[in-house]
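J.: Attaching a predicted model along with its sequence, questions to come.
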Amino acid sequence: MSYAVYHLEKGNTSSGGIGNHIDRKIGAEYTYKHADPNLKDLNQSFELNRYCSMPLNEAIKARIEDGYASSSKIRKDAVKYTTHILTGSHEKMKEIEKSPEKFRDWVIENKKFLEQEYGKENIVRFVLHRDEKTPHLHAVTVNLTKDGRLSAKEIIGNKKAMQNRQDRYAQAMQSFGLERGVKNTGIKHEDAKDYYARMKQANDIGNGSEIKAEKNLLGVYKEESIQNLQNALKSQKTALKSKDLEIKKLKEEKILDAEKKTNLLNSNKSLDNAIKNVVVNEHYLKEIKSKLVERMGVKHGNDVRNQFRFVGHSIQQKNNDEIAEMVGRAMEKVGTDKNLSPAELNLLMESKEIRKTLDYLISERERRNDLDQKRGRDKGFRI
């Protein structure tokens with residue numbers, strides 16, 4: 001059995017990604033990585049109106065500007081457009097494609113269907129793709145009502161309205177040997193690729209073992225047999241539902257793929273600028289800190305050195321760590337006397353004046369030790 005496949009989705013994201021995919025934009029090949037570049041010349045873009053020749057985002061904007069008649073301001077989160085995929089079971093579509101006349105008629109019937117459902121002027125894209133596995137049509141419509149309001153809810157409608165639309169589409173496709181799929185399966189709409197994956201899995205489950213309803217001697221179907229059929233159907237539907245969850249995840253990733261890459265590029269640019277600013281700021285901060293350190297040293301270096309006026313010969317008994325500790329205590333005393341903050345003391349500690357003080361005290365200790373040793377030698381003994 002061959003099925004007519006019609007899938008639509010509200011345009012909840014920027015139209016850039018889907019526009020690049022539909023228009024096969026050069027440089028955005030990641031949005032149509034399953035396409036065969038050798039077959040790209042078979043694709044066709046149909047200009048049903050002036051909007052079809054514009055970049056998609058401009059076409060959507062222009063159509064709304066021309067057709068919007070409401071006095072209400074358009075909300076920022078309004079769903080402005082809807083995307084459509086129209087195709088059929090793979091084998092049947094390849095069969096239709098073999099006949100140029102029949103294939104042309106299939107495209108024309110799809111165009112008529114969209115014009116009747118959404119209005120010719122609201123179709124801002126109508127493109128045939130033949131460079132992927134199964135021939136299919138992409139369309140984008142703007143969600144304008146007949147009285148010039150923007151309302152995706154009214155245009156697309158509820159579940160019942162969508163089922164009726166699927167009925168009308170299947171009826172339009174009957175002459176091409178494409179039939180309506182099973183209603184009320186509990187399975188959301190999907191694109192052609194996902195549809196084929198789901199149908200293959202369903203067929204694999206069904207072909208695994210042949211289950212028939214058996215009758216008893218009285219000609220009544222056995223309860224056990226009926227139960228087995230029900231269980232088999234339940235298992236099949238569960239398997240399909242599980243597949244749908246995978247499909248949904250993959251589809252979301254696919255839809256957002258282009259937008260994610262755009263955001264990533266923008267993020268990288270922002271990060272590069274931030275890093276440059278950090279480098280500049282770091283250099284600036286180092287320069288400021290260096291000036292503050294120098295200023296603190298000049299201002300309070302003598303205050304620290306004055307704390308050692310009465311050190312005298314006791315410096316000889318101090319090692320380097322003890323001398324550093326003496327300087328630390330002297331700085332604390334200066335901090336208390338001059339009411340310096342911890343941050344100011346840290347800056348003072350890094351100053352050249354403090355390093356000079358340390359060097360002076362250490363060299364003074366060595367000088368006094370040498371002097372005492374010389375005096376000891378003069379008295380006939382060594383220390």
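T.: Cool, got the structure. Numbering: from 1, shown residues only.
J.: residues making contact with the helix or strand harbouring Gly328?
T.: Assessed by DSSP states H and E, Gly328 sits inside helix 320-338. Helix 320-338 has contacts (C-beta atoms under 8 Å, 6 or more residues apart in numbering) with 300, 303-304, 307-308, 311, 315, 318, 340, 344-345, 348-349, 354, 357-358, 361-362, 365. Where C-beta positions appear, they are placed from N, C-alpha and C, glycine not excepted.
J.: Quick one, which of those residues are buried?
T.: 300, 303-304, 307-308, 311, 315, 318, 340, 344-345, 348-349, 354, 357, 361-362, 365 (16 or more other C-beta atoms under 10 Å).
J.: need the strands for the stretch 51-200 of the chain, in chain order.
T.: Assigned by DSSP state E, counting those that start in this stretch, the stretch 51-200 of the chain shows strands spanning 81-88, 123-129, 136-142.
J.: Give the rounded mean pLDDT of the helix holding Gly328.
T.: For helix 320-338, mean pLDDT rounds to 78.
J.: what number of residues lie near Gly328?
T.: Neighbour count for Gly328, taken as other C-beta atoms under 10 Å: 14.
J.: ignore the last one, Asn43
T.: Quick note: Asn43 (other C-beta under 10 Å) scores 18 neighbours.
J.: Now that it has come up, it's in contact with Pro135, right?
T.: No: contact criterion C-beta atoms under 8 Å: Asn43 and Pro135 do not qualify, at 9.9 Å.
J.: Need the residues touching each of those two.
T.: Contacts common to Asn43 and Pro135, judged by C-beta under 8 Å, 6+ apart, are 128-129.
J.: just to revisit the earlier point, take the strands of the stretch 51-200 of the chain and lay them out in CSV including mean pLDDT.
T.: Below are those laid out as CSV (pLDDT from 0 to 100):
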stretch, mean pLDDT
strand 81-88, 94
strand 123-129, 96
strand 136-142, 95
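J.: And the nearest residue to Thr31 once chain neighbours are set aside, how far from Ala4?
T.: Leaving aside its chain neighbours, Thr31 sits nearest to His21 (4.1 Å; criterion: C-beta to C-beta, 6 or more residues apart in numbering). Applying C-beta to C-beta, to the nearest Å, the value for His21 to Ala4 is 22 Å.
J.: State the pLDDT value of the residue nearest to Lys146 when sequence neighbours are not counted.
T.: In space, not counting the residues next to it along the chain, Lys146 is nearest to Gly119; the distance is 7.4 Å by C-beta to C-beta, 6+ apart. Looking at Gly119, its pLDDT reads 94.
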